[in-house]
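**Student:** I'll drop the sequence and a predicted model, then ask my questions.
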Amino acid sequence: MKAKIVLCMRLALAGVFFYAGAVKAGASQQFAVALLPFTFVPADWTVPLAHGLACTEILAAILLLMPRFVDVGAGLICALCLLFLGVLSWALWNGIIVSCGCFGGDDSPSIAKMLIAVARDIIFLGAAVAVLVLRRSGKIT
């Protein structure tokens, strides 16, 4: 039963992160613009950062589907979620209300949408940690 739960979490996380990465990769210029309000990122870095995040999400999804590299993929998703949580929390703390650009463009940013993104990232982080912990607690691929 534990193996089926881990497999379902792996497939769900891989699907979400592959989709999010593909959307960002297909619209990296728009995603780069979404990064501009985060004032700690120099404007010259936004396009490479947008490409890098998209590629990292896609890579994490692919690794999560490969039994030999599940831990690497789950660890990468944990790191991405922690990064996203940190950036969104920083923006909220500083009163910067923006669209996170997680799954494509969003024309009307709001605090509520940012809080939903934070909650979603906490859930994704929890699922990735659960994959790591459950795999370590038994011989699950």
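**Tutor:** Everything's here; your move. Source: prediction; values computed, not measured.
**Student:** how about Phe84, nearest residue that isn't a chain neighbour?
**Tutor:** Among residues not flanking Phe84 along the chain, Asp121 sits closest, at 4.8 Å (C-beta to C-beta, 6 or more residues apart in numbering). C-beta coordinates here come from the backbone N, C-alpha and C atoms, glycine included.
**Student:** pull out the buried positions in the helix or strand containing Val87.
**Tutor:** Per DSSP states H and E, Val87 falls inside helix 70-93. Neighbour-count burial for helix 70-93, counted by 16 or more other C-beta atoms under 10 Å, picks out 70, 73-78, 80-81, 84-85, 87-88, 91-92.
**Student:** what's the following helix or strand after it?
**Tutor:** Per DSSP H and E, helix 70-93 leads on to helix 111-136 as the next helix or strand towards the C-terminus.
**Student:** and that following helix, what does it pack against?
**Tutor:** Secondary-structure packing of helix 111-136 (3 or more C-beta pairs under 8 Å, 6 or more residues apart in numbering; DSSP states H and E): helix 2-26, helix 70-93.
**Student:** include mean pLDDT when you put those into TSV, please.
**Tutor:** Compiled in TSV, these are given as follows (pLDDT from 0 to 100):
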stretch	mean pLDDT
helix 2-26	92
helix 70-93	94
